[in-house]
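Chemist: got a predicted model here, sequence first, then my questions.
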Amino acid sequence: MENGKVIRCKAAVCRSPGTALVIEEIEVDPPKAYEVRIKILCTSLCHTDISFWKLNIQHPFSVFPRIFGHEAVGVVESVGENVEEVKKGDLVLPVFQPHCGDCRDCKSPKSNACSGLPKLYDKMPRDGTSRFRSINGEVVHHFLFVSSFAEYTVVDAAHVVKIQPDIPVEKACLLSCGVSTGVGAAWKVADVEEGSTVAIFGLGAVGLAVAEGARSRRASKIIGVDLNPEKFEIGKKFGITDFINPTTCGNKKVSEVIKEMTDGGADYCFECIGLTSLMEEAFNSNRGGWGKTVILGVDLNSLSLPLNLHELLQGRSVTGSFFGGLKPKSDIPFLVEKYLHQELNLEGFVTHEVSFQDINKAFELLVQGKSIRCIIWMEN
């Protein structure tokens, strides 16, 4: 344990839904037991940040003031009691998916669930309090256990992954959420095999990472579905072989077009947007008998999904995927190794870079559909 003190630093604070973030000076408490304080090197903006940023103030997950950000890389500044796996100076990824390593779920190979900590998305999980305050003493809330839009953050040790320092930090940052989610969904959740057919609904960072995972598994046909026609050329870098723009399908549903292209339906379909209507269309695009639909998108406004029970009875299946089914502390270092051995393509995901002072530019680019990932550098 290192005797930490309160740190004053800059953070991009959001004070109400959909409003511009404001760079403010805040206070960050030292880490308590089982906690790690991290100096953020760079962070990036994910669609999940946008979804929560836009939430109506009446929504139960809408909590302000708040520090968003959950995809980042940093260096350990100090650790609390009982933290043994990382030390000051280690390069780490803070991740929203916990991996305590001790609970029944962590010890099971069946999923990447972790039941060792409470699911408190706006507080520290063990004591339900915040480590952030404004200069005036106002509590500033956490976001998805990370809150990386600050020069320093405090994260529970279950949400920290140590990685080797050989990887460029802007590439490592991608593995903190989006790329790991997509690649993991293709490798671990769907287990795409050579010669199979794949359809991906939504070619943002997660969808393109699914394509990269399917490409590396030698899928024979990888169909991208997106309203932006420019995504086809971008997608080719990650293995997309065919492209469907729903606005050019005429009277046909996307599922009908996919069935024609794949002789009856894709073996694997991935929904990467977070729209219930697309989840249903992805399910309908699967091959009868064995087709598998993997849902990666989060729809914060819907709690049910209408499915054809007859198709389910005949063998078609649907499953959810949180963080690509990856167990962070063991699987992220594996992805780092894959990248360092040129077996995982991380080139092309980063389309823009901005300074921390210009963080709102990153929001504008993503909302306008102009960026895949925008790296936000904490220091110029």
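Modeler: Perfect, thanks for sending it.
Chemist: burial check on residue 302, number of neighbours?
Modeler: Residue 302 has 11 neighbours, counted by other CB atoms under 10 Å. All C-beta spots, glycine's among them, are computed from the backbone N, C-alpha and C.
Chemist: my guess is it contacts residue 276. True?
Modeler: Yes - contact status for residue 302 versus residue 276: in contact at 4.4 Å, counting by CB atoms under 8 Å.
Chemist: next one: residue 28 from residue 130, what distance?
Modeler: Here the criterion is CB to CB, to the nearest Å. By it, residue 28 lies 10 Å from residue 130.
Chemist: higher neighbour count, those two?
Modeler: More crowded of residue 28 and residue 130, by other CB under 10 Å: residue 28, with 26 against 19.
Chemist: could I get the phi/psi values of the more buried one?
Modeler: Backbone geometry at residue 28, expressed as degrees, to the nearest 10, gives phi -120, psi 120.
Chemist: tell me who's in contact with it.
Modeler: Applying CB atoms under 8 Å, 6 or more residues apart in numbering, we find residue 28 in contact with 6, 7, 8, 9, 37, 131, 132, 150, 152, 153, 154.
Chemist: I'd like the distance between it and residue 131.
Modeler: Taking CB to CB as the criterion, residue 28 is separated from residue 131 by 6 Å.
Chemist: so where's the stretch 1-150 of the chain uncertain?
Modeler: In the prediction, the stretch 1-150 of the chain carries residues with pLDDT under 70 at positions 1-3.
Chemist: and with 80 instead?
Modeler: Counting by pLDDT under 80, the stretch 1-150 of the chain has low-confidence residues at 1-4, 56-60.
Chemist: same question, the stretch 151-300 of the chain
Modeler: The model of the stretch 151-300 of the chain has pLDDT under 80 over residues 300.
Chemist: quick one: the helices in it, in order.
Modeler: Under the criterion DSSP state H, counting those that start in this stretch, the stretch 151-300 of the chain contains helices at 169-174, 178-184, 205-216, 231-236, 254-261, 276-284.
Chemist: could you export the last one as CSV, keeping only the C-alpha atoms?
Modeler: It stands for helix 276-284. As requested, the backbone C-alpha atoms of helix 276-284 are provided in CSV (Å, rounded to 0.1, in the frame of the first residue of the first chain):
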residue,chain,number,x,y,z
THR,A,276,-34.6,-4.0,-30.6
SER,A,277,-36.0,-3.9,-34.2
LEU,A,278,-32.5,-4.7,-35.5
MET,A,279,-32.1,-7.6,-33.0
GLU,A,280,-35.2,-9.1,-34.4
GLU,A,281,-34.1,-8.6,-38.0
ALA,A,282,-30.7,-10.2,-37.1
PHE,A,283,-32.4,-13.2,-35.7
ASN,A,284,-34.6,-13.5,-38.8
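Chemist: tell me what that helix is packed against?
Modeler: strand 197-201, helix 254-261, strand 268-271, strand 292-295 (3 or more CB pairs under 8 Å, 6 or more residues apart in numbering; DSSP states H and E).
Chemist: so which of these gets nearest residue 324?
Modeler: Across these, the minimum distance to residue 324, taken as CB to CB, is reached by strand 292-295, at 9.3 Å.
Chemist: same for the closest one, what does it pack against?
Modeler: Strand 292-295 is packed against strand 268-271, helix 276-284, strand 317-320, with contacts defined by 3+ CB pairs under 8 Å, 6+ apart.
Chemist: which parts of the helix or strand following the last one are buried?
Modeler: This means strand 317-320. Where DSSP states H and E defines the elements, the next helix or strand beyond strand 317-320 is helix 328-340. Buried residues in helix 328-340, counting neighbours by 16 or more other CB atoms under 10 Å, are found at 328, 329, 331, 332, 333, 335, 336, 338, 339.
Chemist: one more: stretch 297-308?
Modeler: 297, 299, 300.
Chemist: from the residues you listed, pick the one nearest residue 32.
Modeler: If you rank the buried residues of stretch 297-308 by distance to residue 32 using CB to CB, residue 300 comes first, at 30.3 Å.
Chemist: okay, and residue 375 sits in which element?
Modeler: Here residue 375 is covered by strand 373-377, with elements defined by DSSP H and E.
Chemist: between that strand and helix 205-216, how big is the angle?
Modeler: Here strand 373-377 runs at an angle of 110 degrees relative to helix 205-216 (axes from the mean of the first three to the mean of the last three CA atoms, to 10 degrees).
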